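**Q** quick one: sequence plus predicted model below, questions after.
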Amino acid sequence: TTHFWRGCGPTVTRAIVVNAAQLATYSQAKQGLLSTGYFKDDLLCHFGASMISGLATTLASMPVDIAKTRIQNMKIIDGKP
């Protein structure tokens, strides 16, 4: 069962980073787009804000995601990684 739970901590950490980045950047990106005067609060604005938020989320979560994958895939020999 230890193999099953080995990636739990890193997965939870990644989820926290992803959610925090998404929540923090979407509203900021939307407000920034609206403040330019080129966008109205419509589908295009939401799409643009989502793209910006997605990029920021990817940049924030990539290091955690790489560490998570490495921890989940590491070999355990005689109880040691």
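**A** Perfect, thanks for sending it.
**Q** for whichever strand or helix holds T25, which positions count as buried?
**A** T25 belongs to helix 8-35 when assigned by DSSP states H and E. Neighbour-count burial for helix 8-35 flags P10, R14, V17, V18, A21, Q22, T25, Y26, A29, K30, L33 (criterion: 16 or more other Cβ atoms under 10 Å). Heads up, the C-betas are built off the backbone N, CA and C, glycines and all.
**Q** ok, which pair from those is furthest apart?
**A** Using Cβ to Cβ, the two most remote members of these are P10 and L33, lying 33.5 Å apart.
**Q** in the chain, which helix or strand is least confident?
**A** Lowest on mean pLDDT, DSSP states H and E among the helices and strands of the chain sits helix 2-5, with a mean of 70.
**Q** need the contact partners of stretch 54-73.
**A** 6-7, 10-11, 13-14, 17-18, 20-22, 25, 29 (Cβ atoms under 8 Å, 6 or more residues apart in numbering).
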